[in-house]
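Novice: need coordinates for the following:
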Amino acid sequence: MASEEENQGQHIVECDLCETPVSFYCRRCGVNLCDSCLPIHMRVKSKNGHDVVDYVSKDDDDTCFCESHPKNECSAYCKTCNVSICMLCVSIKHKSHEMSELSDKIEELLKVIAKENERLQSFKHELESILDHTTKMVSSISSIYKQKKDEVTARGEEWHKEIEKTVKKLHQELDDMQKEHEALLKKQETEYKGILKNLDQINRRATSLQKSNDVKEMQTFIPMIEKQKTLSEFTQYSFPTFCEGKIDADYLQSYFGYVINKQVQENKISFTKKKLKVNEFTETKFFEIPTVISVLDTGFPAYGISNRLFDIAYTDDNKVWMGGNTKELKLFDLQGHLHRTVSITYVGSFIYMLNKQVGYIDENKRAVKIISNSNNDVTIFTTGDWNPRGITSTASGDLLVCLYKDNQSKVVRYSSTGGVLQEIQYDSLCQPIYSSPYYITENVNGDIIVTDWKKNSVIAVNRLGILRFSYSKEKNIFFASAVVHDSFGHVIIADYRGDKIHLLDRDGQFLRYIIPREGIKSPRALCIMGHGEMIVGEGWTGNAKKIKYLK
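Specialist: Numbers count the residues shown, from 1 in each chain. Next up is the predicted model:
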């Protein structure tokens with residue numbers, strides 16, 4: 001009874017020759033037939049013949065028929081003519097041509113389809129993440145613009161009525177920018193949805209062809225799927241900044257402040273990234289109890305309760321630069337011999353390597369500097385009214401710098417000459433990502449990872465600036481002072497308060513502690529070497545310990 005009701009609710013397919021419910025289907029003619037009309041249809045002559053099956057099985061057949069001999073199934077492929085052929089064609093029309101088994105050609109075409117589809121579908125996952133980020137930004141962007149307008153309003157209240165006109169003018173500029181910004185993000189959102197829809201359609205068609213032997217359809221499909229482009233870069237739009245000026249009634253606009261970046265700026269961020277091999281994580285073997293191979297006495301002095309050793313950078317020729325509580329950087333070999341000392345204009349809190357040269361942050365001058373081969377102190381660029389802290393060079397030759405100003409913090413990607421390539425400050429809900437970023441590294445998968453001293457956590461975003469994970473422990477037993485990565489993508493954290501090293505996988509999942517038999521005291525600096533070795537700098541003692549942690 002229930003099945004009868006279900007059948008009554010279904011659409012009844014009728015015979016194409018009468019109105020009787022369909023029973024059969026002729027594949028060659030594409031005609032629906034009932035029991036009565038079947039004999040009539042079979043008597044009608046057709047140059048391709050008839051191939052009648054039950055209607056419910058009409059889509060099950062994937063037989064490929066010869067274009068020259070429609071009654072014959074194809075069993076070979078002519079490479080000379082680029083067409084599927086039957087055995088009759090093999091012995092006559094294509095006798096002297098280069099041929100292959102049809103199954104071999106189908107396998108070849110399906111491999112191309114599978115490869116291209118895999119390329120597009122792997123891109124789809126990342127695009128979905130970006131779309132989610134963009135959609136959330138669209139819904140939350142007003143909070144950032146409200147914050148900027150509040151800054152303008154707070155400044156305006158200082159000046160009372162005489163600056164009200166300027167306040168309204170700036171509000172309008174921000175409102176116009178917000179509309180433009182929202183329009184750009186919505187356009188971006190629509191574009192990504194359209195691409196995802198197209199990728200789904202391609203995936204469905206590619207999946208259906210996996211069960212097909214129709215070479216012609218595959219050959220038609222392949223040029224279309226090969227032409228399907230993926231995004232080579234993701235456009236990120238920056239927010240405006242309100243710059244305060246001094247109060248002067250004659251120059252109200254100039255001295256009150258103004259909105260910079262009146263046109264929403266675009267930062268092109270490449271999708272290209274280094275992929276980790278699948279087996280890299282499964283092949284790593286850890287020492288249950290790591291050992292200290294050697295100890296380097298850096299000789300940095302301690303002043304009062306200050307730390308001695310701040311940062312370490314590894315060179316290509318198996319040496320290490322050390323930065324500590326003096327205005328100098330020291331170059332040691334791994335046996336502890338001092339090879340070079342250079343004078344700098346600030347203590348060595350944050351150092352880095354770029355093109356085989358050591359550089360550092362001068363916090364007083366808000367400058368990113370580098371030491372030339374002749375020991376000259378060279379300023380590459382300054383960071384304006386933002387104060388720089390942690391710095392690292394990237395695989396692409398860029399520089400990632402932690403910046404702070406008042407109660408704001410961000411990470412900025414600079415070119416090697418100081419051009420701003422990317423700013424990371426807000427999450428998808430337009431909330432600040434960082435409170436006080438100090439040390440920074442770029443993992444092998446492109447993730448940007450910092451230690452946030454105020455949050456007492458390690459924060460990772462992907463290369464597009466979208467939050468990946470955050471790692472922290474109880475404050476009274478954990479303090480994330482520095483962070484690095486190794487060639488396997490492990491995230492390695494110096495726990496200053498816990499006297500240990502935390503080792504995570506690339507997704508932020510805890511794997512193990514690294515505590516050598518000899519122990520470590522107040523680890524402040526970290527440096528990864530080859531062959532599963534690291535150097536841990538002890539802040540209080542000023543010693544740098546070389547530790548073997550991988551077998």
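Novice: after the lengthiest helix in the chain, which helix or strand is next?
Specialist: Longest helix in the chain, counting residues (DSSP state H): helix 102-159. The helix or strand immediately downstream of helix 102-159 is helix 164-209, counting by DSSP states H and E.
Novice: that next one vs helix 102-159, what angle?
Specialist: Computed with axes from the mean of the first three to the mean of the last three Cα atoms, to 10 degrees, the direction of helix 164-209 lies at 170 degrees from that of helix 102-159.
Novice: now do helix 164-209, average pLDDT.
Specialist: Average pLDDT, helix 164-209: 89.
Novice: pLDDT-wise, which helix or strand of this protein ranks last?
Specialist: helix 2-9 (a mean of 42; mean pLDDT, DSSP states H and E).
Novice: still on that earlier bit, how far does the longest helix of the chain sit from its chain's centre?
Specialist: 10 Å (Cα atoms, centre = their mean, to the nearest Å).
Novice: what's the first helix or strand after the longest strand belonging to the chain?
Specialist: When the chain is parsed with DSSP state E, its longest strand is strand 286-297. Using DSSP H and E, the helix or strand that follows strand 286-297 in sequence is strand 309-314.
Novice: give the pairing partners of that following strand; include direction for each.
Specialist: Strand 309-314 pairs in its sheet with strand 319-324 (antiparallel), by DSSP bridges.
Novice: any residues touching the strand it pairs with, and which ones?
Specialist: 296, 298, 300, 307-315, 329-334, 339, 347-351, 353, 358, 360, 525, 527, 535, 537, 542, 544 (Cβ atoms under 8 Å, 6 or more residues apart in numbering). For the C-beta atoms, the positions are set from N, CA and C on the backbone; glycine is no exception.
Novice: re earlier: and the longest helix of the chain, what does it pack onto?
Specialist: Counting by 3 or more Cβ pairs under 8 Å, 6 or more residues apart in numbering; DSSP states H and E, the packing neighbours recorded for helix 102-159 are strand 76-78, helix 164-209, helix 215-227, strand 241-244, helix 252-256, strand 257-260.
Novice: can you list the ones you listed in a markdown table and add distance to Tyr513?
Specialist: Formatted as a markdown table, those follow (distance: least, Cβ to Cβ, whole Å):
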| stretch | distance to Tyr513 |
| --- | --- |
| strand 76-78 | 60 |
| helix 164-209 | 41 |
| helix 215-227 | 48 |
| strand 241-244 | 42 |
| helix 252-256 | 54 |
| strand 257-260 | 46 |
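Novice: can I get the ones you listed in a markdown table with mean neighbour count and distance to Ile501?
Specialist: Formatted as a markdown table, the helices and strands packed on helix 102-159 follow (neighbours: other Cβ atoms under 10 Å; distance: least, Cβ to Cβ, whole Å):
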| stretch | mean neighbour count | distance to Ile501 |
| --- | --- | --- |
| strand 76-78 | 21 | 60 |
| helix 164-209 | 15 | 40 |
| helix 215-227 | 15 | 47 |
| strand 241-244 | 15 | 38 |
| helix 252-256 | 17 | 51 |
| strand 257-260 | 17 | 42 |
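Novice: looking at these, which is closest to Asp150?
Specialist: strand 241-244 (9.6 Å; Cβ to Cβ).
Novice: check the offset of the closest one from the chain's centre.
Specialist: For strand 241-244, the distance from its own C-alpha centre to the chain's C-alpha centre is 31 Å (Cα atoms, centre = their mean).
Novice: can I get it in CSV, CA atoms only?
Specialist: Once non-C-alpha atoms are left out, strand 241-244 reads as follows in CSV (Å, rounded to 0.1, in the frame of the first residue of the first chain):
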residue,chain,number,x,y,z
THR,A,241,44.6,54.3,9.3
PHE,A,242,43.7,57.5,11.1
CYS,A,243,46.8,59.7,11.6
GLU,A,244,46.5,62.3,14.3
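Novice: direction included, what does it pair up with?
Specialist: Strand 241-244 has its sheet partners listed here by DSSP bridges as strand 257-260 (antiparallel).
Novice: what is the mean pLDDT for the partner strand?
Specialist: The pLDDT scores in strand 257-260 average 68.
Novice: could you check the pLDDT of Glu67?
Specialist: At Glu67, pLDDT is 83.
Novice: what is the neighbour count of it?
Specialist: 13 (other Cβ atoms under 10 Å).
Novice: okay, and it sits in which element?
Specialist: Residue-wise, Glu67 maps onto no helix or strand under DSSP H and E.
Novice: these two touch, right, it and Cys81?
Specialist: No: checked against Cβ atoms under 8 Å, the pair Glu67 and Cys81 is beyond contact range at 10.4 Å.
Novice: show me what Pro388 bridges to in the sheet.
Specialist: Leu403.
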